[in-house]
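**Q** Below are the sequence and a predicted model; questions follow.
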Amino acid sequence: MHVGAELGLLEAQGEGESSLGHDREQMPATAIVLDVGKTKLKASLIDGEGDVLRTTTIANSTVSDRDYRIQDVPRAWSFMKEAMADMMADFPVTDVIVSTHGSSGMLVNADGSTTPLPDYESEMPEQIERFYAEMADDLAERGSNIGVGPRHIAKQLFWLQHAHPTVFNKAVTLLPAPQYWAWKLSGVRSMDTTSLTAQSHLWNAGEKRFTGIVQRQGWHHLMPRVYKPHRVLGRLTEPALTQLGTSRAIRVRCGVHDSAANFHRYQAAGFKDFVLLSSGTWLVGLSDGETHSVPEGIDLTFQQSAVGTPIVSCRVMAGREFGILSGDNFGPAEPVVVNTLIARKTVALPSFQPRDGLVSGSAGKGRIVGPLPENSAENLALALLYYVMLADLCIEYLGRPKTIIVDGNITGQPLLGPLLKGLNPSSEVLISSSPDGTAVGAALLAGAGRAAVPRPINRQDGLISLNALEEYAKIWRASISN
């Protein structure tokens, strides 16, 4: 159905659900979380106590299509089906929920066929880039800056509409990525608030309505109803039951943006006035506070949390850059080597990706200043220092709150906590012990796990020269300002 004139038909709670999606008639739940990251596809099974009973993962991939790249949907679906079938055969699964990275989605045609939107790392024609910039909404309306390339669903739609009109005009529904997979399982078409506010340029988070571009470009008919992520869309369809080899009436939830899912588990634990630094391919900083002195052009987004409260995020592709600088060495950096590079004043400056991230005008200008690293251990130490400098810049933009929480794959670096604490002595720095933040947060939305997640573990080990670190950070800040 269409969303109507105001385009703001968010559902009321009800239909036997509490505000966090726990079905009253059957608790606790056991949920499968399908997590579609930019780098990996992951399926996790989480029970009512919040324990991860099983996890399986493969690398994610893209394929060429027309003049852009798209997600390899058949490969992803094959992985999901196999993982879900195995889990459903061995455990009493009650719910399925999907989390995905942002800026990704699918067009559904009248005959039920689909057209994937361009992958956000595709190269856009310069003319489309220019036309979009000229007609896009202002920052307050769209909620995030206009990045280079198809980094916003609205921009992807605009590209298809003007460069591939025959393909675009067949579409009758737009589904953000979590809701595409939910539709395949439940047969229900929907959108969720967290995906729409994750740089889509389609949703005004403050006014809880679609943005002006939807009206101007005539995209109303593509927009299904908008729900919160925990909403039960329905049960597995008969075709899905057959493919998965089960007969149980398993609930399918609307789905969630991956960073919002991760943020939710800390909100559910009662954290307030905090910044979450979530690490993967991207370093995503999320805050429930206000931004401070944010320069024009950085990758900042005004979003909604899984429960509808305002959050602010900033992003930089620091995980991928860490791999570039370290030579894909992700082992723990040694304190003596980190101190050596700090003393030498060897700094890596952004950006080693074709995007500005947190430093306007830095795209593709990544470089090393000072004596070059001499071996793999020094490459690793430099990668960690670069990551910490970016993380600290993100913390500054998000207001330096009383609590800083870090989770994700970067937490395998024992020196991360001491380095961040050295630069933020007035904040409590916590390193999460859980490697499954997105999955646990999404499972909470599906009724699995406990209402409160364990508090992160405070790790302050390692030997770092703090005075030298402060001077190093000043040099890095001065260098990115030049």
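**A** Looks like it arrived, so ask away.

**Q** and whichever strand or helix holds residue 438, what does it pack onto?
**A** Secondary structure from DSSP states H and E places residue 438 in helix 437-445. Helix 437-445 makes packing contacts with strand 31-36, strand 40-46, strand 52-59, strand 95-100, strand 256-257, helix 258-268 when contacts are defined by 3 or more CB pairs under 8 Å, 6 or more residues apart in numbering; DSSP states H and E. C-betas here are computed from N, CA, C, even on glycine.

**Q** now the last one: mean pLDDT?
**A** The average of the pLDDT scores along helix 258-268 is 92.

**Q** got the angle between that helix and helix 437-445?
**A** In terms of direction (axes from the mean of the first three to the mean of the last three CA atoms, to 10 degrees), helix 258-268 departs from helix 437-445 by 60 degrees.

**Q** hang on, the earlier thing: what sits up against the helix holding residue 438?
**A** For helix 437-445, the surrounding residues in contact (CB atoms under 8 Å, 6 or more residues apart in numbering) are 20-21, 29, 31, 33, 35, 37, 42, 44, 46, 50, 52, 55, 97-99, 229-230, 253, 256, 258-265, 268, 278, 306, 407-408, 434, 449, 451, 453.

**Q** if you set the cut-off to 7 Å instead, what comes out?
**A** 20-21, 31, 33, 35, 44, 46, 50, 52, 97, 99, 229-230, 253, 256, 258, 261-262, 264-265, 268, 278, 306, 407-408, 434, 449, 453 (CB atoms under 7 Å, 6 or more residues apart in numbering).

**Q** Just the buried ones from the residues you listed?
**A** 20-21, 31, 33, 35, 44, 46, 50, 52, 97, 99, 229-230, 253, 256, 258, 261-262, 264-265, 268, 278, 306, 407-408, 434, 449, 453 (16 or more other CB atoms under 10 Å).

**Q** Low-confidence bits of the stretch 201-350 of the chain, can you list those?
**A** 291-293, 296 (pLDDT under 70).

**Q** which stretches of it form strands?
**A** Secondary structure of the stretch 201-350 of the chain (DSSP state E, counting those that start in this stretch): strands at 203-204, 209-210, 226-227, 232-235, 251-253, 256-257, 274-279, 283-287, 300-304, 310-316, 347-349.

**Q** distance between the fourth one and the chain's centre?
**A** Right, the one you point to is strand 232-235. Its chain's C-alpha centre and that of strand 232-235 lie 24 Å apart, by CA atoms, centre = their mean, to the nearest Å.

**Q** buried stuff in it?
**A** 232-233, 235.

**Q** Could you measure from the closest residue to residue 104 other than its chain neighbours over to residue 320?
**A** Among residues not flanking residue 104 along the chain, residue 177 sits closest, at 4.0 Å (CB to CB, 6 or more residues apart in numbering). Using CB to CB, to the nearest Å, we find residue 177 at a distance of 20 Å from residue 320.

**Q** Can you give me the neighbour number for residue 130?
**A** 11 (other CB atoms under 10 Å).

**Q** Name the helix or strand for it, please.
**A** Going by DSSP H and E, residue 130 is part of helix 126-135.

**Q** isn't residue 286 right next to residue 311, touching?
**A** Yes. Using CB atoms under 7 Å, residue 286 is in contact with residue 311, at 5.4 Å.

**Q** Could you check which of those two is surrounded by more residues?
**A** Using other CB under 10 Å as the criterion, residue 286 and residue 311 rank with residue 286 on top: 26 against 23.
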